[in-house]
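Student: need a structure here:
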Amino acid sequence: MRIARVIGHVIATVRSHNMRMDKLCLVEFVNQRGEATGDTHIAMDQLGAGEGEWVMVVAGSSARVAYGSTEDGSPVDLCVVGIIDEVTSANEQCYCK
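Tutor: Residues are numbered from 1 along each chain as shown. A predicted model of the protein is given here:
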């Protein structure tokens with residue numbers, strides 16, 4: 001799992017027939033301090049994460065399992081699996097919803 005921040009949403013009404021019409025989030029991976037660590041990605045979101053929230057995401061086959069699509073050939077490669085309430089490191093609060 002990795003930490004990401006939701007920075008927006010993606011609307012795509014025309015999709016692969018193996019994808020359901022769940023929400024798509026635009027996310028960027030962040031470190032424990034909330035600093036962006038790389039590129040922007042699209043993640044499937046069945047949990048309803050809002051813009052600015054920190055989320056836990058999984059990629060690859062783990063994303064397909066989390067999305068419930070291991071047998072239908074779904075192209076899902078990144079999936080939100082949790083909305084983070086708080087992050088602490090070395091007894092310091094790094095994020096609080």
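
Student: What is the least confident helix or strand in the chain?
Tutor: helix 61-67 (a mean of 84; mean pLDDT, DSSP states H and E).

Student: Flag every buried residue along it.
Tutor: Using 16 or more other C-beta atoms under 10 Å as the test for burial, helix 61-67 gives A63, R64, A66, Y67. Placement of C-beta: from N, CA and C, glycine included.

Student: do the same with stretch 32-41
Tutor: Under 16+ other C-beta under 10 Å, the buried positions of stretch 32-41 are H41.

Student: and the end-to-end length of it?
Tutor: The first and final residues of stretch 32-41 sit 18 Å from each other (C-alpha to C-alpha, to the nearest Å).

Student: picking up where we left off before, tell me the first helix or strand C-terminal of the least confident helix or strand of the chain.
Tutor: Counting by DSSP states H and E, the next helix or strand C-terminal to helix 61-67 is strand 78-83.

Student: Return the distance of that next one from the chain's centre.
Tutor: Strand 78-83 has its C-alpha centroid displaced from the chain centroid by 4 Å (C-alpha atoms, centre = their mean, to the nearest Å).

Student: what's in contact with that strand?
Tutor: 1, 25, 27, 41-49, 53-59, 62-64, 66-67, 97 (C-beta atoms under 8 Å, 6 or more residues apart in numbering).

Student: Now do the least confident helix or strand of the chain: which elements does it pack against?
Tutor: The contact analysis (3 or more C-beta pairs under 8 Å, 6 or more residues apart in numbering; DSSP states H and E) places helix 61-67 against strand 36-45, strand 78-83.

Student: could you redo those as CSV and give each row distance to N91 and mean pLDDT?
Tutor: Putting these into CSV (distance: least, C-beta to C-beta, whole Å; pLDDT from 0 to 100) gives the following:
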stretch, distance to N91, mean pLDDT
strand 36-45, 23, 94
strand 78-83, 22, 96
